[in-house]
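J.: Give me a 3D structure for the following:
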Amino acid sequence: MIRYLCIVLIFSVFFLLSDCQKSEHKFDLLIQNGFIVDGSGNPWYKADIGIKDSMIVHIGCIDSSKSRTKINAQGLFITPGFIDVHTHADRKIADNPDVINYLQQGVTTVVGGNCGGFQYPLKELFSKLEKSGHAVNFASLIGHNTIRKEVMGKEDRAPSVSELEEMKKLVRGEMLSGAVGFSTGLAYVPGRFSETNEIIELVKMIQPYQGVYATHLRNQGLKIKESIEEAVRIGREAGTAVQISHIKLAAEGVWGKYELITEPIRKARAEGLEVYMDQYPYTATSSGFGSSFPGWAAAGGREAFNKRLEDPEKHAKIKKALIKKRLVSEKGINRLETIYVSYNKNHKEYEGKNLAQILDLSGRERNISNAADLIIEMQKTDSPRGIFFQMTDEDVSELMKVPYNMIASDGKIEILDVEVPHPRAYGTFPRVLAKYVIEDKILRLPDAVRKMSALPAQAMKFHKRGILKPGMYADIVIFDKDKIKDTAAFSRPHQYPQGINWVIVNGMPALHSGKLVNRNAGKILYGAGREADK
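T.: A predicted model of the protein is given here:
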């Protein structure tokens, strides 16, 4: 028996050593001894990864002499780089190409231009980034609100025939510049003034170039089902895939009613329509306070809004609508304590405080009427942004289990200690691993990684990314599963996560143990329209 085991052992070692010699490649970078979670949803396995130029060329047992540069990932997990399909990184990336708050999370690709707003024209932004370099891969959608403002301003009406044609022309031009799709922000001005047919006609312009339609729905609360049905109709009639942004049940009256989301999408997918969702792992939203007001009040911009407030009757009507939408709770929740100011142009002392605390600061009684007056005052002059706690932990966990739902931050590039932003811009991806995989066991690790890599790559048509296998781009994260942790909190959001050892972008180490080591590793991921224009 002992002799038999010795023979087996000898042959096993022989075959392992033989396998290590199979690759004839010389590698630029070799990652050894790690547990590979490849992004497909399959369980981990142990192997080495050989990288040449920007590509993975071999996975297996690789002789260490094949590469001068080596990373020992002993005891660590190796996954595809995380792809964040819903960011607003386009707003600051030209001035902050390190994109450090995303790189620190293991994000190797960010998609900007969401919620209907983008940097127009994209050709100029892409040109700047090509010259300056940037640390992560970057792609952008075309924002409907930006296009509409270019042609119609902030008017509350349907476009004329000539205006619609002009918008279609601009959308097509941006697709030829390299956009990957089209986004709407139907809760914001001026997108909220558009009818479904307008959106359909514009989305048709992205269809020849494999563009994706991404939408911030008209309503994420009591009318969420109807809003999803509208998004599905747009995708169906325009012939495009649909990406539903930052999915949530954001009103007390729909908490726990997951079928309002999953049923219309189930029907659409049964028809053969490609419909996806994304989600951030928090119970609070964040946006400007402008969406808290009725559309008619916000039409025409700030000057028109302020003019309406001078009319006592309109002022009272605006205040009543604001109270109903933001400050009244069916469940007795004190909304003054669940709404925080994250940014205020003229009153920095408000940032990081809730409405109740700000009323105290200004010497006013804590009540709904005074809170409404405070919001109106800020909106008149301060361009305020807020954080609104309006979801439940149970809903966040249940929606995360949906197989076509991916992880995305809805964050932007943040500068340390500037404003008091939502922590999602610092902690989204590590939080999913630490809380929803390891602590709460809502997801298996392979499923969570798929939701952060292969699934978003599939949804956004990013070819050769999102999975670790030969022939794919080497976007890679190496982390310690026992140490991975998000440290950003609502009270102290400017905190980088822990446990991420390496972030590799296009085959080049970009981050090591929290330190930026290459600020030029990223590429612009152009849409198919750019190739069609050559």
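J.: Contact partners for residue 486?
T.: By Cβ atoms under 8 Å, 6 or more residues apart in numbering, the contact list for residue 486 reads 423, 426, 427, 428, 430, 431, 434, 435, 497. Backbone N, C-alpha and C define where each C-beta goes, glycine included.
J.: and those, which two are the farthest apart?
T.: Farthest apart among the contacts of residue 486 by Cβ to Cβ are 426 and 435. That separation is 14.3 Å.
J.: which ones are touching the spatially closest residue to residue 322 that is not a sequence neighbour?
T.: Among residues not flanking residue 322 along the chain, residue 372 sits closest, at 5.2 Å (Cβ to Cβ, 6 or more residues apart in numbering). Taking Cβ under 8 Å, 6+ apart as the criterion, residue 372 is in contact with 319, 322, 323, 326, 327.
J.: Mind giving me the ChimeraX select for the residues you listed, buried ones only?
T.: One line in ChimeraX is enough to select the buried members of those, burial here meaning 16 or more other Cβ atoms under 10 Å:
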select :319,322,323,326,327
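J.: Out of the contacts of residue 372, which is nearest to residue 51?
T.: Sorting the contacts of residue 372 by how near they are to residue 51, with Cβ to Cβ, puts residue 326 at the top with 50.4 Å.
J.: Could you list the low-pLDDT ranges of this protein?
T.: Along the chain, the model assigns pLDDT under 70 to residues 1-24, 532-534.
J.: Apply 50 and report the result again.
T.: Applying pLDDT under 50 to the predicted model, the residue ranges of the chain that meet it are 1-18, 21.
J.: Can you give me the domain assignment for it?
T.: As recorded under automatic domain parsing, the domains making up the chain are 82-283+391-468+515-532, 288-389.
J.: Is it possible to get JSON lines of these that adds distance to residue 49?
T.: Formatted as JSON lines, the entries for those read as follows, by distance: least, Cβ to Cβ, whole Å:
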{"stretch": "domain 82-283+391-468+515-532", "distance to residue 49": "7"}
{"stretch": "domain 288-389", "distance to residue 49": "40"}
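J.: out of these, deepest packed?
T.: With neighbours taken as mean count of other Cβ atoms under 10 Å, the domains of the chain reach their highest mean count in domain 82-283+391-468+515-532, at a mean of 21.
J.: which residue packs closest to the residue nearest the centre of the chain, ignoring adjacent ones?
T.: Nearest to the mean C-alpha position of the chain, counting by Cα atoms, centre = their mean, stands residue 86 at 2.5 Å. Once its chain neighbours are removed from consideration, residue 86 has its nearest residue in residue 408; the separation is 3.7 Å (Cβ to Cβ, 6+ apart).
J.: Now do the contacts for the one you found.
T.: Neighbours of residue 408 in contact, by Cβ under 8 Å, 6+ apart: 84, 85, 86, 87, 245, 246, 278, 279, 280, 428, 456.
J.: Over to residue 288?
T.: Each residue near residue 288 by Cβ under 8 Å, 6+ apart is listed here: 188, 383, 384, 385, 386.
J.: Quickly note the distance from it to residue 349.
T.: Here residue 288 is placed at a distance of 19 Å from residue 349 (Cβ to Cβ, to the nearest Å).
J.: try residue 131
T.: Using Cβ to Cβ, we find residue 131 at a distance of 40 Å from residue 349.
J.: cool, residue 409 as well?
T.: Using Cβ to Cβ, one gets 27 Å for the distance from residue 409 to residue 349.
J.: Run through who's touching the host helix or strand of residue 406.
T.: Assessed by DSSP states H and E, residue 406 sits inside strand 405-407. Counting contacts by Cβ under 8 Å, 6+ apart, the residues outside strand 405-407 that touch it are 82, 84-85, 247, 276-281, 399, 428-429, 432, 448, 451-452, 455-456, 459.
J.: Within the sheet, what are the partner strands of that strand, with directions?
T.: Partner strands and pairing direction for strand 405-407 (DSSP bridges) are strand 275-279 (parallel).
J.: Identify the residues contacting the strand it pairs with?
T.: With contacts defined as Cβ under 8 Å, 6+ apart, strand 275-279 is touched by 85-86, 231-232, 235, 241-248, 261, 265, 268-269, 396, 399-400, 402, 404-408, 455-456, 459.
J.: Quick check: residue 156 touching residue 299?
T.: Yes. Distance between residue 156 and residue 299: 3.8 Å, which falls inside the contact criterion (Cβ atoms under 8 Å).
J.: Overlap of the contact sets of the two?
T.: Counting by Cβ under 8 Å, 6+ apart, the shared contacts of residue 156 and residue 299 are 190, 193.
J.: The residue nearest to the centre of the chain and residue 403, how far apart?
T.: Taken as Cβ to Cβ, the spacing of residue 86 relative to residue 403 amounts to 18 Å.
J.: what do you get for residue 174?
T.: With Cβ to Cβ as the criterion, residue 174 and residue 403 are 32 Å apart.
J.: With residue 136 instead?
T.: Applying Cβ to Cβ, one obtains 26 Å for the distance of residue 136 from residue 403.
J.: Equivalent analysis for residue 369, please.
T.: From residue 369 over to residue 403 the distance is 46 Å, taken as Cβ to Cβ.
J.: ok, now residue 420?
T.: 35 Å.
J.: Please apply the same query to residue 147.
T.: 33 Å.
J.: In three-state terms, how would residue 386 be classified?
T.: Three-state call for residue 386 (DSSP: H, G, I helix; E, B strand; the rest coil): strand.
J.: Stretch 245-253: end-to-end distance?
T.: This stretch, stretch 245-253, spans 21 Å end to end (Cα to Cα, to the nearest Å).
J.: no, scratch that, I was asking about stretch 77-87
T.: Between the start and the finish of stretch 77-87 there is a gap of 26 Å, counting by Cα to Cα.
J.: Give me the subset of the contacts of strand 405-407 lying in helices.
T.: Counting by DSSP state H, the contacts of strand 405-407 place 399, 428, 429, 448, 451, 452, 455, 456, 459 in helices.
J.: out of these, which one sits closest to residue 303?
T.: So of these, ranked by how close each gets to residue 303 (Cβ to Cβ), first place is residue 428, at 36.3 Å.
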